[in-house]
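Colleague: can't give you the sequence, but here's the structure:
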């Protein structure tokens with residue numbers, strides 16, 4: 001689980017975000033040697049790195065931007081019929097009403113369990129410099145790609161995408 005502090009969220013809502021086991025495996029190399037409370041990457045640095053990669057989208061003419069992840073989560077959530085309340089909490093979409101302010105405060109274990117109920121069977125592929133990594137991210141080249149994506153200098157011109 002990833003804890004998003006209120007200072008890190010657009011609507012200033014602290015919440016937990018479950019990470020798919022494949023995503024955890026992919027980013028483990030970037031987290032090696034870091035403390036639990038240490039940032040894995042700077043948001044602006046990562047956003048800049050993503051924009052520079054000009055990662056082409058497969059279903060429309062254009063390039064991947066970070067906002068596409070939220071859109072994907074919403075649209076895929078509809079397809080797999082994931083539980084709407086949990087999805088709203090994770091994405092912090094439509095959570096400004098009275099019920100959210102006073103009644104709905106899901107616990108991390110519940111958020112993760114509901115997430116995995118719907119997303120466990122979803123598979124991700126990562127492409128890095130022409131190498132498709134699915135679902136085993138153990139090669140040395142894969143490690144370099146992940147570290148490049150999550151480093152603060154982002155000098156390596158590899159591309160890391162989720163499909």
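Modeller: Arrived safely, thanks for sending. Predicted, not measured: the structure shown is a model, and the values here were computed from it. Numbering: from 1, shown residues only.

Colleague: Please count neighbours and contacts with C-alpha atoms only from this point.
Modeller: Will do.

Colleague: Need the pLDDT of residue 137.
Modeller: Listed pLDDT for residue 137 reads 49.

Colleague: Can you tell me the element residue 25 falls in?
Modeller: Secondary structure from DSSP states H and E places residue 25 in helix 21-31.

Colleague: wait, I meant residue 52
Modeller: Going by DSSP H and E, residue 52 is in helix 43-53.

Colleague: and that helix, which residues are buried?
Modeller: Residues of helix 43-53 classed as buried: 45-46, 49-50, 53 (neighbour count, 16 or more other C-alpha atoms under 10 Å).

Colleague: Which positions in stretch 10-18 come out as buried?
Modeller: Within stretch 10-18, the residues scored as buried using 16+ other C-alpha under 10 Å are 13, 15-18.

Colleague: Pull the residues that contact it.
Modeller: Applying C-alpha atoms under 8 Å, 6 or more residues apart in numbering, the external contacts of stretch 10-18 come out as 1-7, 89-90, 92, 108, 111-112, 115.

Colleague: Which among the residues you listed count as buried?
Modeller: 89-90, 92, 111-112, 115.

Colleague: Just flag the most distant two among these.
Modeller: The span of the buried ones among the contacts of stretch 10-18, defined through C-alpha to C-alpha, is set by 92 and 112 at 15.2 Å.

Colleague: returning to that earlier point: for the buried residues of helix 43-53, which one is nearest residue 71?
Modeller: Residue 71 has its nearest neighbour among the buried residues of helix 43-53 in residue 50, at 16.2 Å by C-alpha to C-alpha.

Colleague: how close does the closest one sit to residue 43?
Modeller: 11 Å (C-alpha to C-alpha, to the nearest Å).

Colleague: Tell me how many other residues surround residue 87.
Modeller: 20 (other C-alpha atoms under 10 Å).

Colleague: hmm, back to that, filter the buried ones among the contacts of stretch 10-18 down to the ones in helices?
Modeller: Assignment to helices by DSSP state H places the following of these there: 89-90, 111-112, 115.

Colleague: related to what we said a few turns ago, biggest separation within the contacts of stretch 10-18, which pair?
Modeller: Spanning the widest gap among these are 7 and 115, at 23.8 Å by C-alpha to C-alpha.
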